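In: Structure of the sequence below:
(2 chains)
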Amino acid sequence: GAVVSQHPSWVICKSGTSVKIECRSLDFQATTMFWYRQFPKQSLMLMATSNEGSKATYEQGVEKDKFLINHASLTLSTLTVTSAHPEDSSFYICSAYERTGSSPLHFGNGTRLTVT
Amino acid sequence: AQKITQTQPGMFVQEKEAVTLDCTYDTSDQSYGLFWYKQPSSGEMIFLIYQGSYDEQNATEGRYSLNFQKARKSANLVISASQLGDSAMYFCAMREAPNFGNEKLTFGTGTRLTIIP
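Out: Take a look at the predicted model:
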């Protein structure tokens, strides 16, 4: 089946630094990828839709200057958390469709970010 | 208004029993899709089952089946013969207005299922 690879699995960084998370579709091309955030014991909330070769579409309330998304190729999207603060600590998970129609959204294994 | 509602925050079920996880949804679209995902403690999201709004039959995938009642806007997940490995968070999700695979999924708040040996 379709595989979405996300790296790193976990990261600890100091407040004020930036962190980059990579999301790759390994065996299919993804013109669109979705970035979700999940706080402990809560549901997944869509942060932004990443479109290959164009600007990402951010959900209401998500700071585009803080969460930089780059979808430079059909298999790679990156999320950079800039000037991270402790409140940015969360589980970030990317996803993509292998194909249209009834295809499920395939998820990466997620990145647990801890900002100290 | 919530688009996806899961009213059971947690459930405890005896091993080998069947369990039904509730999900209701709200949409004005005629064409939409409903999904169930399992999230173990490790965090990955595992796709379980899909139901399209125009599908006439309830979806089934092994021990998973979806009890789709369109008029009631409900899409309950039924797990038969539960196993210890079924212990996890379960999320119901909806995709509205299909647009060539670019539609986002909206998730419910989830149900934490615990299987008791």
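In: What residues does chain B have near chain A?
Out: Within chain B, the positions near chain A by Cβ under 8 Å from any Cβ of the partner chain are B:33, B:35, B:37, B:42-45, B:47, B:50, B:52, B:91, B:93, B:95, B:98, B:100-102, B:104-110. Using the backbone N, CA and C atoms, a C-beta is placed for each residue, glycine as well.
In: List the buried residues in stretch A:93-112.
Out: For stretch A:93-112, burial by neighbour count (16 or more other Cβ atoms under 10 Å in any protein chain shown) applies to A:93-98, A:103-112.
In: Closest to A:K41 out of those residues?
Out: A:R112 (13.9 Å; Cβ to Cβ).
In: Is it correct that the closest one is in contact with A:I12?
Out: No. Between A:R112 and A:I12 there is no contact under Cβ atoms under 8 Å: 9.1 Å.
In: circling back to that earlier point, could you identify the buried members of the residues of chain B next to chain A?
Out: Buried, going by 16+ other Cβ under 10 Å: B:33, B:35, B:37, B:43-45, B:47, B:50, B:52, B:91, B:93, B:95, B:98, B:101, B:104-110, out of the residues of chain B next to chain A.
In: does A:S73 really touch A:T31, like I thought?
Out: No. In this structure, A:S73 is not within contact of A:T31 by Cβ under 8 Å, at 10.2 Å.
In: where do the contact lists of the two overlap?
Out: A:E52 (Cβ atoms under 8 Å, 6 or more residues apart in numbering or on different chains).
In: quick one: which of those two has more around it?
Out: Using other Cβ atoms under 10 Å in any protein chain shown as the criterion, A:S73 and A:T31 rank with A:T31 on top: 17 against 13.
In: Per-residue pLDDT of the closest residue to the more buried one other than its chain neighbours, please?
Out: In this structure, A:T31 finds its nearest non-sequential neighbour in A:E52, 4.7 Å apart by Cβ to Cβ, 6 or more residues apart in numbering or on different chains. What the model reports as pLDDT for A:E52 is 87.
In: cool, B:C23 as well?
Out: On the pLDDT scale, B:C23 gets 98.
In: Bridge partners for the closest residue to it other than its chain neighbours, pull those for me.
Out: Leaving aside its chain neighbours, B:C23 sits nearest to B:C92 (3.5 Å; criterion: Cβ to Cβ, 6+ apart). Taking DSSP bridges as the rule, B:C92 bridges to B:W36.
In: I figured B:C92 hits B:F107, correct?
Out: Yes. Between B:C92 and B:F107 there is a contact under Cβ under 8 Å: 7.3 Å.
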